[in-house]
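Chemist: please find the sequence and the predicted model below.
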Amino acid sequence: MTRQIIVGNWKMNGTSRDSQALVEALLAGLPASLPDIVTCPPFTQLALLADKLKVSPIALGAQDCHKATSGAHTGDISPAMLTDLGVSYVILGHSERRQEHGELDETVREKAVAAAKAGLTPIVCIGETEDQRESGEHFDTLGWQIKGSLPDNFSGILAYEPIWAIGTGRAATEDEIAETMKFLREELVRQFGEAGKTLRILYGGSVNAKNAASILSLTDVAGALVGGASLNAEAFLSIIGAASAA
Ligand SMILES: O=C[C@H](O)COP(=O)(O)O
């Protein structure tokens, strides 16, 4: 069985003091048997945490990157800048970036290509709105997002995050997740052939200490992308514990 992967997305949270305290509490509480663990702080905390996590089982991820290696892109960060700091993963196409920064599937795909070229593992997010689910358009939406956002020869990680479940405390039900995972696997196989059978798919959206074990035990769920609960050491450690047991 492949090891699960638990990714903590801190989003726009964390001063130096908060970040150090959180990481120290995580390192002190890690169980003996571990899943893959990735923590994605804001850009401003990456250098500090790169140093603290250098010899630890927690890998470092970023929350976005630009598609170019360098150049006139005010406010942006390139994949090369991330690898230079020791970052190994990057979240791309999160719904908050799609909504707040107008990122399109094509942008996400270009970023995924650039990230992989630089040696980063892209974690590409897709997910439907509540309206799309209620009107039965969710599978069409997800299918288009897969086609548009994942580059040829994609070997990163896909994260399924129903937008209506993010930060709401209302995770998708086990049936909804199971049915969607089945659909996503079929789409990945359709798009990537044999390679699509082993691409890892994460679930994200209100994963917490209570629901993690049941979500992580579902077929094709290779781990979780955790937002709010990753800011609380106790909760994130419980999710890590659930992944070790899954
Ligand atoms: O990247 C993480 C997801 O947006 C999930 O966030 P959440 O766990 O706070 O719902």
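Modeler: The structure has been received and is ready for your questions.
Chemist: which strands and helices lie in contact with the lengthiest helix in the chain?
Modeler: Counting by DSSP state H, the longest helix found in the chain is helix 174-192. In terms of contacts (3 or more Cβ pairs under 8 Å, 6 or more residues apart in numbering; DSSP states H and E), helix 174-192 is packed against helix 138-149, strand 157-160, strand 200-204, helix 212-216. In short, each C-beta sits where N, CA and C put it, glycine included.
Chemist: most tightly packed of the ones you listed?
Modeler: Mean neighbours per residue, mean count of other Cβ atoms under 10 Å, is largest over the helices and strands packed on helix 174-192 for strand 157-160, with a mean of 25.
Chemist: could I have the CA atoms of it written out in CSV?
Modeler: What follows is strand 157-160, C-alpha atoms only, in CSV (Å, rounded to 0.1, in the frame of the first residue of the first chain):
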residue,chain,number,x,y,z
ILE,A,157,-0.7,15.1,-7.3
LEU,A,158,-4.3,16.0,-7.9
ALA,A,159,-6.3,17.5,-5.1
TYR,A,160,-10.1,17.3,-5.3
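Chemist: as TSV, the helices and strands packed on helix 174-192 with mean pLDDT and distance to the ligand would be great.
Modeler: Output for the helices and strands packed on helix 174-192, formatted as TSV (pLDDT from 0 to 100; distance: least, Cβ to the nearest ligand atom, whole Å):
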stretch	mean pLDDT	distance to the ligand
helix 138-149	97	15
strand 157-160	98	7
strand 200-204	98	4
helix 212-216	97	11
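Chemist: could you dump these into JSON lines with distance to residue 38 added?
Modeler: Compiled in JSON lines, the helices and strands packed on helix 174-192 are given as follows (distance: least, Cβ to Cβ, whole Å):
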{"stretch": "helix 138-149", "distance to residue 38": "19"}
{"stretch": "strand 157-160", "distance to residue 38": "9"}
{"stretch": "strand 200-204", "distance to residue 38": "10"}
{"stretch": "helix 212-216", "distance to residue 38": "15"}
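Chemist: how about the residues of this structure by the ligand?
Modeler: The interface of the chain toward the ligand, taken as Cβ under 6 Å from any ligand atom, is made up of 9, 94, 161, 166-167, 204-207, 225-229.
Chemist: nearest to the ligand among those residues?
Modeler: Lowest distance from the ligand to the residues of the chain next to the ligand (Cβ to the nearest ligand atom) belongs to residue 227, with 2.2 Å.
Chemist: measure the closest one to residue 14 for me?
Modeler: In this structure, residue 227 and residue 14 are 13 Å apart, going by Cβ to Cβ, to the nearest Å.
Chemist: between these two, point out the one with more neighbours.
Modeler: The neighbour count for residue 227 versus residue 14, taken as other Cβ atoms under 10 Å, is higher for residue 227 (23 against 20).
Chemist: surely the more buried one meets residue 204?
Modeler: Yes: the pair residue 227 and residue 204 qualifies as a contact (Cβ atoms under 8 Å) at a distance of 7.1 Å.
Chemist: overlap in contacts, these two.
Modeler: With contacts taken as Cβ atoms under 8 Å, 6 or more residues apart in numbering, residue 227 and residue 204 have 9, 166 as neighbours in common.
Chemist: ok, which stretches of the protein are strands?
Modeler: In chain order, the chain shows strands spanning 5-9, 36-40, 58-62, 89-92, 121-126, 157-160, 200-204, 223-226, with DSSP state E as the criterion.
Chemist: just checking, residue 31 touches residue 239?
Modeler: No: between residue 31 and residue 239 there is no contact, the gap being 11.2 Å when judged by Cβ under 8 Å.
Chemist: neighbour count: the two, which is higher?
Modeler: When residue 31 and residue 239 are compared on other Cβ under 10 Å, the one with more neighbours turns out to be residue 239, at 28 against 13.
Chemist: skip the chain neighbours and tell me the closest residue to the more buried one.
Modeler: For residue 239, the nearest residue in space outside its immediate sequence neighbours is residue 212; the separation is 4.3 Å by Cβ to Cβ, 6 or more residues apart in numbering.
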